[in-house]
Structures are given as structure tokens and as C-alpha cells.
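>>> Mind folding the following:
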Amino acid sequence: MSLDRADHKFHGLVTVYGASVGDSGTISLHAKDLNIVSALVDGHEATFDYGENDELIISSDEISDGQHVIVIDFDGDITDGMHGIYPCYFNHDGQRKQLIATQFESHHAREAFPCIDEPEAKATFDVTLTTETGVEVLSNMPIARQSEQEGSLVTSFEQSPRMSTYLLAWVVGDMHSKSAKTKTGVDVNIWATSAQGPEQLDFALEYAVKSIEFFEDYFDVPYPLPKIDHVALPDFSSGAMENWGLITYREVLLLADPKRTGVSGKHAIATVVSHELAHQWFGNLVTMKWWNDLWLNESFADFVEHIAVDHIHPEWDTWLDFTLSRGIAALRRDAIDGVQSVKVEIHHPDEISTIFDAAIVYGKGARLMKMLRSYIGDDAFRKGIKQYFTKFAYQNTEGADLWQCLSEASDKDVGSFMNAWLLQPGYPVLKVEPGSISQEQFFIGNHAPSQRQWPILLSANPAGDLPEMLEEAKLDVTTSENQRFNTGDLGHFVTKYSPAHLDNLLSTIAEASAIDRLTLLNDQTLLVRGGYESSTTLVDVLPHYKAESNDTVWDIISMTVSELKKFVEDDEAAKQKLRDLSGSVALPTFKRLGIDPSADDSVTDTKLRSTALAMMLYSEDRSIIKDTVGRFSLETFADLPAETRPLIISAAVRYGDDPSLVDSLVDIYKTTSSAELREDIMSGLTSTRSPEAAASLLDYCMDSDVVRPQDVAPWFIYLLRNTHTRHIAWQWLRDNWDWIIKTYSGDKSFDEFPRYAASGLINDQQLQEYKDFFGPMSDDPSLRRTIAMGISEIEGRLELLSRDGDAVRDKLKS
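Below you'll find the predicted structure:
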């Protein structure tokens, strides 16, 4: 393939070797937005036509039952949509430059070359790229030959193993790297554009080596390729992509500035690197047959990434982060009627992008894998996985294949246990009463009647007379008020205790583990949303957590305060009381930690400081606001401590008195090469109380020279959730929907806009506007489920506000 970066064109010649079944005289491939110049079958000219769903139909009298060689000459355009072959822009030394990169998951390889673009159509690939000279050229395999020919650079790569088209990749451009080897001799390389300093590659390199070594040991199966490249791309729609041997990332999820990246940033990088490396086995070596089993890739990778991080950095308490980041998102979304199951059927190609629901296929699925490992034990889990990789290497599988391997390793019927969780949407609420336990499906908002049941691992402590598992709707059994259920957050359910039982657990909350303290509080926020408890319960529960010292538990404390904010938006007296509550809960911890870091801070205190400061800023303590704003300076804010930097920027924007600050920060945002600093500036700017400033910021979102398309969604989300700018953001989305279609249609991020809009709308008028605007789009397979769930989500929020609003406001005022 020849790549013309200057004119954004490419020209290719693909040779496909394969067998045709039957004597139809035709062979169908996939091709989308390509100009087909000619086609040959076994050396003879063939005709071609186009069918539905991106089919390229090759016709020839030569085609019969048996082996054939098809050669297709084609060309196409390199477009700015972040899929297929696309450019990544960056500035360096005053010049605008670009990489050429690829993103083929889920079905975008057909935009780069004619192929059978389905996971089960595995093949070996021999890739040759012709580019200009003076650039780095990467693909999945090591370079076999490279030479200059007639002023161009021709790079041929070693043949790949059997793999799916969506895992093929290449990156071309001005890059530099750092390298190391694992204990088994795998070459590990971290790449970035010339705009990034070499010191930013060190953390990822060290961690990637340790991670791949860990997985080789944990899986007891060698990494299958001779090298692994990790590339930071300036423009990238997803967080990262597991292309075999050539993983691509957003810059913020691979590069760590030693002076500016804090422990939270490093934790995020480590988690994503381990996730993508886990895919080199789960998904690449063994691949699902079809996208309905996407969980075979994502659920497992999302789970085992935390096993690796916990092994390499045990001081980070990553399982607490797992419960917070995966658990909360999964439990909230999985409670809305109409949500997809982890394994979901796909009936149209446009539906493929919609199944990448991070809360379900990633978050819920990972929680189910954690539950499964607890059920069968780590030894059997590892033994079964090794058998799975060994038996099905370079092949495609379905879920039943994995269950068979794990069943043989554990002597348990894994399929029967897991299918209820994978095939059914939603999850149960476990109701604990004196003398009985029972289950029913838990919902937030309106829902159809449900008789679904699940096999629930109770994980009770102390166990008493309880069985290991509840499989029926109700079981008469002795319970005690000192029992905690779902200890260790090993199950995917919420627990509703009787009032006396809950009071007893809260009175002894200090005796519980951090993960159980977190789970208990999160369960209360969910039970409130589901109508099992009044929202006033949260006001009573929060003071029990004043003495909390764990940063992750503090995150859920802060979220619980946020749960109450929606009740007081239009009641200044109640709002001030909620601010007072936030301040009273956070003040002891804030006094201990202060705003500035200490040399002897633990990892927990380093991360906890930002949560305590955020809660104190919400309390609008004038002295703390003044101290925080006083730490901001345009000249030096980039060097502020990473954990508190976005809060300090936010305070300066929200409470400062410099009318030119927004424009100054936008200018810095445009010019900095640091993705992490851009995120912090975005977080700060979207805290504005000025509708005029918000309107300007949203206008910038449509200017790719200011805000990259990959970064637009968080700008919109933060401004939508800001009570001062919500109406501006909601109107912007509707006014500029054509631009969103043009920019994101066909991308996995397209359905995020109606999803995030639903998360921020809060009154009857906005619900009707949502229905009026998105309702006519419900026939679009890529949006149908998201729109229906969005309506249910807003309706559930309005029902909660109507049911509990007066009581919460009265409770706060009293």
C-alpha cells in the first residue's frame, strides 16, 4: 500500500488467497468507501459490483469450488474520521505535522482494503507500505526489509500469525521511542511524536515490561509475537486499541511527565497498558467468533488488568478502584430497564458499535469474572485459562468453549452458574430480613414486570447458617444484625438490610474493611434511586463516615453528596445546608491534609487531598476558596501538584475576578503538547458560572484547531452537569447535531452524546425536549437502545425528585 500523507490519499494492491465453496461464480468481500480499479481471479480479469452492508461482489467464470487467488487494485481517501486510515495532527517546533494511523475495530478494515472483515475470518497478513522517506513505519510485526526506492521508503513486514482483520494496524510519521526486553526476550517499545519529551516514555516502558512478564507467568502461556509496540497518538477516539503487536493509545493514557503526572495518572496508565496487554491473549491469540461474544475479549481484559496492577503496585489498592470505577457505573446503568445483557445478539452492522457499553461489557462483565474467580478459586481459574489458550490458540471461540475449560479445571458447572448472569440484563437486590433472605430484580425508574432470578454468591460474614449461594426467590434462614453480605464486593448485586440491621452495621462501620465500607454506602445511593429507601437516608448515613481515611471510600462519600445536589438546585436555603453538610463531613480530613502536599504523604493521602478539597470548595468556605485561588498563577499553574491542579484551576475560573482568565486558559490549551494539562484546563474551564463563557467554549469544540474531536465529549458532559451552563450545553447539542453526525457517525463514540445528555437533564421540560429531539432517531440501529434508555433514565430521575424532593429539603433545613 502506498500512503500519500500530503494529499491524504492511499493506493493499494491486495492479494487474497482462499477457498470458495460452491459454484455460484461469485465471491463476496467487504469494501467501504474505496474506489475499486480492477479485480483479477486466478490471473483473469473479473467484474465486480456492490451489495448491501458494504459487500464487494467479485464475479468470474473462473470461480468454482476450490482454491483461488484474488487480486484487487484500489485507492481511497485518508479522512479525519478516527477510523479506517486517518491522520493524527500535532505541532512541533512551530510546524503542524501529522502521523498516519489506523483504527479497524470493529469493522473498519474494509475502509482500508478489500477483505473479509469479520472476526472469524482469520488470515495471515503480509504488509508492505510505501511512504515518504525520513519517517518511522510500524505495523503488527517486525520489519523484514526496508529500502529507499525511487525517492520513497518501502517497508515490508514479517508475516503475521493467523489473526482477525480488526487487529491489523500501522502507524507512520515523525516519532521517537525507548525500548527494553522482557525476561523472555520480547522487544517492548514505547513510541510518541516528536512533540513529546523522551522522559515521558519511561514509566510506561518500565510498567509494560513488568506487565507482560506478569501475564506470561499468570497465564503460563508465552506472549505469541517477537515484539510489542505501544504508540501514543495525538488523535484517537477510544482510550486504547489492542492491535496485535502494535497497541495504540491516547497520549494521556501512555505518556507520564515525571514533573506533572501524579499517582492517579500513573494508575490510569498502568491499568490501560495491562488491559491492552491482556488482550494479546484474550482477543488476539483466541478471538470470539462474532461480536455478540465481545465480553470474551473485554470482560476478561477488564478484570485481569487489575490482577496485574495489584501484583506490580500493591500500594495502589487497585481492587478498591475496581469497585469504585467499575462497580458504580455498572450497577447504575444495569438497573435501567432496556439495558443490554453482557452477551447480546447483533442483527445489523450498525449495532456493532453500540455493544461497546463500558458499563456493561467492560464493567459488569469484569465484575462477573471477579465473582467467577471467587467461586472456583484462583488455581482453577488459571488452569482453565491456560487450557483455553492452549486448546484454541489462533482460533475463534464462543463462551461455551471457555466455560468448558473452566469447568474441567474446577469440577464445577461453570456454564450453568454464569449464563444466568451473562444472558440476562440487570441484577438482583438481596433483601435481608430477620428470618429470611430473598431476591428480586433491581430497577431504577419505570420498568416492565420481571421474574428474573440469579444464583447469588452471598459472601456473608459471619456465614452463620447461610448457604454459599441463594438460587431461589426466597429462603427462610436465620440472619443476624452483625452479618455483612457481599463482603469483598465479590458479587454483582445490592443488599437491602432491615432498618435495625443497617443501623447496627453503620454503628460498627469502622470495623469493616475499606471495600465493605465503600459497598455499604454505594448500596444506599442505589437503593434510594430504586425507591427502596428515602433519599433522606443519605443525610443520616453520611455523618457515620466522618472518620474515614481511605481515599476511594471518600470518593463515594463525595458522590453521595452529589446525589443530593439535584434536590436543592432551586432552593437556596436547602442548598446552603447541603454545602454545610459537605463541609462538616470533610473538614476533619481537610484540616489534617491541607491544600499542599507533604513529603511524607502516603499514596492514599495524596489522592484523598483532592476529594477533601473539592468538598470544602463546594461548602463555599470563603477562607478555603481564597487560599485555593491564591495558589493559581497563569505562569506557574502547570507545575502545581497533579492531584489538586484541576481543582485549583476550577476555583480560579469559578471564584476568581480576572475576566480574561478564560481566554488565557484557552490559549494555553491550544498550544500545550501535554494531554494531561489539557484535561486539567478543560476541567477548570467547564466549572465556569458564565453562560456566555460556556457558549464560547462549546463553539471551540467545533474547531479542531482548538479542541480535538476525541476530546469534545467531556467538554459537553461537564458543561451539561454544571447547573449554571446546563441549558447552554443542551441547546448546543440540538443546534449542532448535524456537525456531530458528520464528525462521529460510524464511530463507537457516536451514541455517547444522547447517553450523556440523558445523564444531565433534570426537569419535565427537558425530558419532553429529549423525546422530541431524539425520538425521531429511534429507527437508527446505532442509537435505538441508547435513546430508549435515556428516556427511562430521565424519567427515573424525575420520579425520584418528585418522590423525595420535599423530604430531603426539609431534612437538610432541620
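
>>> Remind me which helix or strand the closest residue in space to Val361 that isn't next to it in sequence belongs to.
Once flanking residues are discounted, Val361 sits nearest to Glu298: 5.0 Å by C-beta to C-beta, 6 or more residues apart in numbering. Where C-beta positions appear, they are placed from N, C-alpha and C, glycine not excepted. Here Glu298 is covered by helix 295-312, with elements defined by DSSP states H and E.

>>> On the pLDDT front, check the nearest residue to Gly594 once chain neighbours are set aside for me.
The shortest distance from Gly594 to any non-neighbouring residue, by C-beta to C-beta, 6+ apart, is to Arg609 (7.5 Å). With respect to pLDDT, Arg609 scores 97.

>>> Name the residues that touch the helix or strand containing Arg609?
Element membership for Arg609, per DSSP H and E: helix 603-618. Residues from elsewhere that reach helix 603-618, judged by C-beta atoms under 8 Å, 6 or more residues apart in numbering: 262-264, 315-317, 549-552, 554-555, 557-558, 561, 579, 582-583, 585-587, 589-590, 593-595, 597-598, 601, 624-625, 628, 643-644, 647, 650-651.

>>> what does stretch 693-709 give?
80, 82, 89, 234-235, 237, 662, 666, 669-670, 685-686, 688, 712, 715-716, 719, 722, 724-725, 728-729, 732, 736, 739, 743-744.

>>> In helices only, show me those.
Using DSSP state H, 662, 666, 669-670, 685, 712, 715-716, 719, 728-729, 732, 739, 743-744 are the members of these that sit in helices.

>>> if I pick Leu647, what's in contact with it?
Neighbour list for Leu647: Ser610, Leu613, Ala614, Leu617, Thr628 [criterion: C-beta under 8 Å, 6+ apart].

>>> cutoff 10 Å now
595, 609-611, 613-614, 616-617, 628, 631, 640, 680, 683-684, 687 (C-beta atoms under 10 Å, 6 or more residues apart in numbering).

>>> for the helix or strand encompassing it, the distance to its chain's centre please.
If you go by DSSP H and E, Leu647 is part of helix 645-655. Centre-to-centre, helix 645-655 and its host chain are 26 Å apart (C-alpha atoms, centre = their mean, to the nearest Å).

>>> the inter-axis angle of it versus helix 712-721?
Computed by axes from the mean of the first three to the mean of the last three C-alpha atoms, to 10 degrees, the angle separating helix 645-655 from helix 712-721 equals 50 degrees.

>>> the inter-axis angle of helix 645-655 versus helix 603-618?
10 degrees.

>>> What's the local residue count around the closest residue to Ser160 other than its chain neighbours?
Once flanking residues are discounted, Ser160 sits nearest to Phe125: 4.5 Å by C-beta to C-beta, 6+ apart. Phe125 has 20 neighbouring residues, counting by other C-beta atoms under 10 Å.

>>> quick one: low-confidence parts of the stretch 701-814 of the chain?
Residues of the stretch 701-814 of the chain meeting the criterion pLDDT under 70: none.

>>> Show me the helices in it, by range?
712-721, 726-735, 737-744, 752-760, 764-774, 784-813 (DSSP state H, counting those that start in this stretch).

>>> Nearest to Pro449, out of those helices?
helix 784-813 (15.1 Å; C-beta to C-beta).
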